[in-house]
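Participant: below are the sequence and a predicted model for it; my questions follow.
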Amino acid sequence: MAFYGEVFQHHAGLSWEDAIRMAGRYRPYIADFSPDSLLEMQGIAEGAGLTADDILVLNARSELMFSSATRPTAAAAGECTSFAVLPDATANGHTYAGQNWDWIPTALETAVVLEVHRDDKPSYVTVAEAGHLAKAGMNDAGLAVCTNTLVSNLDGDRVGVPYHIVLRSLLDAPTISAATRLIYAAQRAFSANYLLAHRDGLAVNIETTSGDARGVSTRLPKDGLLVHTNHFAADDFKQYDIRVNLYPGSLFRLDDVRRSLRREGRALTLEGIQHALRSHHNAPDSVCWHPDPTKPALDRRATITSIVMDLDAGEFLFTAGPPCLSDYTSLQLGAHIGVQDKAPLTEG
């Protein structure tokens with residue numbers, strides 16, 4: 001909360017009280033789209049000794065930060081490189097998905113890995129900031145969810161279902177079709193990209209603007225590969241992009257990872273994928289990000305975690321910080337007993 005209190009003030013000029021007031025407008029949309037998310041946020045609030053409003057603010061952090069999206073600041077700098085590789089392009093015939101999550105370096109102190117076991121819906125694992133419901137992750141039905149923020153001139157002060165609520169809801173989906181339907185059905189408050197993959201050897205990239213199903217564009221893999229960064233690729237949506245002209249590094253991260261993954265042809269290995277995610281080409285705006293000391297602290301970016309998911313093996317691999325400085329830790333979904341086990345990304 002203290003971290004985002006500073007972030008909202010720095011990037012959007014919002015006090016915490018302002019943030020609570022603005023986030024409250026999303027509550028009816030969440031209740032209609034995903035009432036379970038309201039219950040989970042209430043549970044987090046009770047466990048942390050906070051109010052449900054506080055936790056709602058954290059889960060609406062993207063919308064609040066970009067509430068003045070028509071005059072973007074450094075908040076709009078790049079945030080994530082995601083990918084999916086299908087069986088016809090991998091050496092072992094497995095389906096892989098993952099991403100580098102790039103954000104303000106302070107998030108290294110607040111990010112956790114959540115493994116959640118359930119009887120009524122798919123169990124899942126996700127990396128999230130403390131208090132958030134979910135971000136990138138995979139469930140035991142074989143679905144992987146990766147994501148990239150997008151910023152458009154259609155966003156601004158729009159109300160609807162917050163971005164992180166959509167992400168959490170996707171982890172309930174048993175199939176890639178069900179997940180895709182959820183995105184089309186949401187009255188979204190914020191533009192975002194969702195890259196989905198399934199162990200059946202399927203994947204789809206879904207770019208969205210804020211709004212309803214008219215603001216959705218899908219793209220299927222080419223030669224067994226999908227890659228996305230932080231700009232609109234769909235021709236119909238490029239006109240709305242207000243990020244890429246200020247922060248064109250997204251263009252080069254996309255090209256860098258795409259070429260790196262294609263280099264091995266149809267024999268791509270886990271090691272090859274991890275190598276692509278360690279690239280420093282065009283640093284500091286590279287796939288593997290490190291803080292730029294010339295920028296103010298809240299305008300800096302770093303790779304908080306690098307994630308690779310082997311959907312056939314049910315294996316979730318993640319780093320604590322940039323992948324060039326951290327080995328990948330392996331977590332086998334379903335191999336642990338317990339409910340909502342938590343592993344911090346960093347020690348201490």
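Facilitator: Noted; the coordinates are in hand.
Participant: which regions of the stretch 1-150 of the chain lie under the pLDDT threshold?
Facilitator: 68-78 (pLDDT under 70).
Participant: what segments of it are helices?
Facilitator: Counting by DSSP state H, counting those that start in this stretch, residue ranges of the helices within the stretch 1-150 of the chain are 2-12, 16-23, 27-33, 35-48, 52-59, 61-65.
Participant: of these, which is nearest residue 149?
Facilitator: helix 61-65 (6.3 Å; Cβ to Cβ). For the C-beta atoms, the positions are set from N, CA and C on the backbone; glycine is no exception.
Participant: bridging residues for the residue most central in space within the chain?
Facilitator: Central residue check for the chain by Cα atoms, centre = their mean: the C-alpha nearest the mean position is that of residue 147, 3.7 Å away. Using DSSP bridges, the beta-bridge partners of residue 147 come out as residue 194.
Participant: distance of it from residue 15?
Facilitator: From residue 147 across to residue 15, the span is 28 Å (Cβ to Cβ, to the nearest Å).
Participant: what do you get for residue 178?
Facilitator: According to Cβ to Cβ, residue 178 and residue 15 sit 39 Å apart.
Participant: then residue 118?
Facilitator: Spatial separation of residue 118 from residue 15 under the definition Cβ to Cβ is 37 Å.
Participant: for residue 123, same thing?
Facilitator: In this structure, residue 123 and residue 15 are separated by 38 Å, where distance is defined by Cβ to Cβ.
Participant: have a look at those two and say which one is more surrounded.
Facilitator: Neighbour comparison, residue 123 and residue 15: the larger count goes to residue 123, with 17 against 11 (by other Cβ atoms under 10 Å).
Participant: backbone dihedrals for the more buried one, please?
Facilitator: phi -70, psi 160 (degrees, to the nearest 10).
Participant: and it, what is it in contact with?
Facilitator: Contact criterion Cβ atoms under 8 Å, 6 or more residues apart in numbering gives 115, 116, 117, 139, 140, 333, 334 as the residues in contact with residue 123.
Participant: ok, now residue 277?
Facilitator: Residue 277 is in contact with 81, 98, 100, 257, 287, 288, 306, 308, 323, counting by Cβ under 8 Å, 6+ apart.
Participant: PyMOL command for the buried members of the residues you listed?
Facilitator: Burial among the contacts of residue 277 is assessed by 16 or more other Cβ atoms under 10 Å; the matching PyMOL selection reads:
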select buried, resi 81+98+100+257+287+288+306+308+323
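Participant: just the contacts of residue 277 now: which is nearest residue 269?
Facilitator: Using Cβ to Cβ, residue 308 is the member of the contacts of residue 277 that lies nearest residue 269, at 11.1 Å.
Participant: counting neighbours, what do you get for the residue nearest to residue 79 when sequence neighbours are not counted?
Facilitator: Residue nearest to residue 79 in three dimensions, not counting chain neighbours: residue 149, with 4.8 Å by Cβ to Cβ, 6 or more residues apart in numbering. Using other Cβ under 10 Å, the number of residues around residue 149 comes to 21.
Participant: ok, residue 218 touching residue 205?
Facilitator: Yes: using Cβ atoms under 8 Å, residue 218 is in contact with residue 205, at 6.9 Å.
Participant: more neighbours: which of these two?
Facilitator: Each of residue 218 and residue 205 has its neighbours counted (other Cβ under 10 Å); residue 205 has more, 24 against 15.
Participant: continuing past the host helix or strand of that one, what's the next helix or strand?
Facilitator: Using DSSP states H and E, residue 205 falls within strand 202-208. Tracing the chain C-terminally past strand 202-208 and defining elements by DSSP H and E, one meets strand 216-219 next.
Participant: mind listing what's buried in that next one?
Facilitator: Burial within strand 216-219, assessed by neighbour count using 16+ other Cβ under 10 Å, is assigned to 216, 217.
Participant: ditto for stretch 118-136
Facilitator: By neighbour count with 16+ other Cβ under 10 Å, stretch 118-136 contains the buried residues 122-136.
Participant: equivalent analysis for stretch 84-92, please.
Facilitator: Using 16+ other Cβ under 10 Å as the burial criterion, the residues of stretch 84-92 that qualify are 84, 85, 86, 87, 89, 90.
Participant: isn't the fifth one up against residue 224?
Facilitator: Yes: the pair residue 89 and residue 224 qualifies as a contact (Cβ under 8 Å) at a distance of 3.3 Å.
Participant: any common contacting residues for these two?
Facilitator: Counting by Cβ under 8 Å, 6+ apart, the shared contacts of residue 89 and residue 224 are residue 266.
Participant: who touches the residue nearest to residue 223 when sequence neighbours are not counted in this structure?
Facilitator: Computed as Cβ to Cβ, 6+ apart, the closest residue to residue 223 that is not its neighbour in sequence is residue 89, at 6.5 Å. For residue 89, the contacting residues are 223, 224, 225, 261, 265, 266, 268, taking Cβ under 8 Å, 6+ apart as the criterion.
Participant: wait, which of those residues is closest to residue 9?
Facilitator: If you rank the contacts of residue 89 by distance to residue 9 using Cβ to Cβ, residue 261 comes first, at 39.4 Å.
Participant: ok, now how distant is the closest residue to residue 58 other than its chain neighbours from residue 148?
Facilitator: In space, and not counting its chain neighbours, residue 58 is closest to residue 131: 4.2 Å by Cβ to Cβ, 6+ apart. With the distance defined as Cβ to Cβ, residue 131 ends up 21 Å from residue 148.
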